[in-house]
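Chemist: Just the structure for this:
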Amino acid sequence: MTKKKRKLRYGMVGGGAPTSVGVIHRNALCLNGDAELVCGAFSHSFATSQKEGAEFGVAADRIYHSHEDMAEQEAKRADGIDFAVICTPNAYHYPAAKAFMEKGINVACDKPLCLTPQEAEDLKKTAQENNVLFCLTHTFTGHLVSREARALYRKGVIGELRTVVVEYPQDWLVDALEKETEETKTWRSVPALSGRGAAIGDIGSHMENWVHFVTGLRVKKVLANLEAVGKGTMLDNNFQVIVKYDNGASGFFWGSQVAIGYDNAFKVMLLGEKGSIEFWQENNNYLILRLRNQPMQVISRGSSYCQPESLKYVRTPKGHPEGLTEAFANIYKSFTDAVYDKLDGKTIDEDSYGYPTIDMGADGVRFFNACVDSQENGNIWITTGK
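Modeler: Residues are numbered from 1 along each chain as shown. Purely as a prediction, here's the structure:
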């Protein structure tokens, strides 16, 4: 597009370690080809940050000691960053995002948005006051069939939602629990870094967000059972949640990080008054559509019959699998389109671009905090405060 006069410039907070999700963020942005990494504070250790920054090709004078320093210095530069990418442990999302937004710098941040509803409201206020864009990188919303599901639902194909069932079993934490020591413990099991909830905030937030992204419906109240499986475990790693939506629909969420034999089996069933939609993340090139008195339909990503809202993100011909990196790239494509339009002086309606917004992130924070409140008060119904 002619409006793209130059590549966007971005900086990264965290994400330096080879096993970090930062690798996927960088690869996704590289895949799109419309943004380049020019600065960062990649680690709490400045020496490590310098080493990693050099490997990424970042100039030495743009490798920073902290996110505060990075926000301060980049805001002063004529060639400063157009947006910051935050991929740190959960506890650092709030201070880092706030620091950049206060300097007028757009933000893309890993989920969850932050730890508490109070922090979430403050970030929303800061974004509005400083006229910045905010993208939350909820990965599964980037899959083409997720966007297909969103278009189908919002065009009324399955009618009003009646029930939703979401499951998300993993088993990666089983070995970690058996082998970890205080020195090797993952940050996700440390309350000071993870927040009040572990699995409910980590994978539960994906559940709430995907349904919200596709249907636009918001969770009104929850009844949760959170379990900490394993000796010495402080935070939940297995949970069940009954949810009620603002249109009267009900739902059931089950998530586990100690479900032996399951890799990353995120699955959603949306059951409407005229039909149903089924999405399975591990088979994310296909979407199942069931309509009343019709045979089951398997929608193949990138097919000519797909909705324009998903076809605009097709990268490879149908039958050639796309996956996690492409999903991240699609989210970033939606976001950078908005950044370019903002640079062109256009009025931005973030919801229309197709990336998870700060408002969605705030809903997610209220959701998992309400789940913890439900557990701590004897597994009772708790409203989300929306």
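Chemist: Now do the contacts for the residue nearest to the spatial centre of the chain.
Modeler: Most central in the chain under C-alpha atoms, centre = their mean is His138, positioned 1.7 Å from the mean C-alpha point. Neighbouring residues of His138 by C-beta atoms under 8 Å, 6 or more residues apart in numbering: Lys111, Ser205, His206, Asn209, Trp210, Phe213, Ile331, Pro356, Met360. Quick note: C-beta positions are derived from backbone N, CA and C, even for glycine.
Chemist: separation between it and Cys306?
Modeler: In this view, His138 and Cys306 are 21 Å apart by C-beta to C-beta, to the nearest Å.
Chemist: From Gly80, how far out is Pro295?
Modeler: Distance from Pro295 to Gly80, by C-beta to C-beta: 55 Å.
Chemist: same deal with Val58?
Modeler: 14 Å.
Chemist: For the two, indicate the residue with more neighbours.
Modeler: Between Val58 and Gly80, counting by other C-beta atoms under 10 Å, Val58 is the more crowded of the two (22 against 18).
Chemist: That one contacts Cys39, correct?
Modeler: Yes: counting by C-beta atoms under 8 Å, Cys39 is a contact partner of Val58 at 6.1 Å.
Chemist: Helix or strand next in line after the least confident helix or strand in the chain by mean pLDDT, which one?
Modeler: Among the helical and strand segments of the chain, the one scoring lowest on mean pLDDT, DSSP states H and E is helix 191-194, with a mean of 69. Counting by DSSP states H and E, the element after helix 191-194 in chain order, helix or strand, is helix 199-202.
Chemist: which helices and strands does that following helix pack with?
Modeler: Under the contact criterion of 3 or more C-beta pairs under 8 Å, 6 or more residues apart in numbering; DSSP states H and E, helix 199-202 touches strand 219-227, strand 238-245, strand 250-256, helix 358-376.
Chemist: How far does it sit from its chain's centre?
Modeler: In terms of C-alpha atoms, centre = their mean, to the nearest Å, the centre of helix 199-202 is set 12 Å apart from its chain centre.
Chemist: all helices of this protein, in order?
Modeler: For the chain, the helices defined by DSSP state H cover 22-32, 46-55, 67-76, 93-102, 117-129, 144-154, 172-179, 191-194, 199-202, 204-215, 308-311, 324-343, 358-376.
Chemist: leaving aside the residues next to it on the chain, what's closest to Gly251?
Modeler: Val164 (3.8 Å; C-beta to C-beta, 6 or more residues apart in numbering).
Chemist: and what of Gly195?
Modeler: Of all residues not flanking Gly195 in the chain, Leu115 sits nearest, at 4.0 Å (C-beta to C-beta, 6+ apart).
Chemist: I'd say that neighbour and Gly364 touch.
Modeler: No: assessed by C-beta under 8 Å, Leu115 is found out of contact with Gly364, at 11.4 Å.
Chemist: More neighbours: these two, which one.
Modeler: Gly364 (27 against 24).
Chemist: re the thing from before, I'd like the helices and strands packed on helix 199-202 laid out as TSV, including mean pLDDT.
Modeler: Output for the helices and strands packed on helix 199-202, formatted as TSV (pLDDT from 0 to 100):
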stretch	mean pLDDT
strand 219-227	98
strand 238-245	98
strand 250-256	98
helix 358-376	98
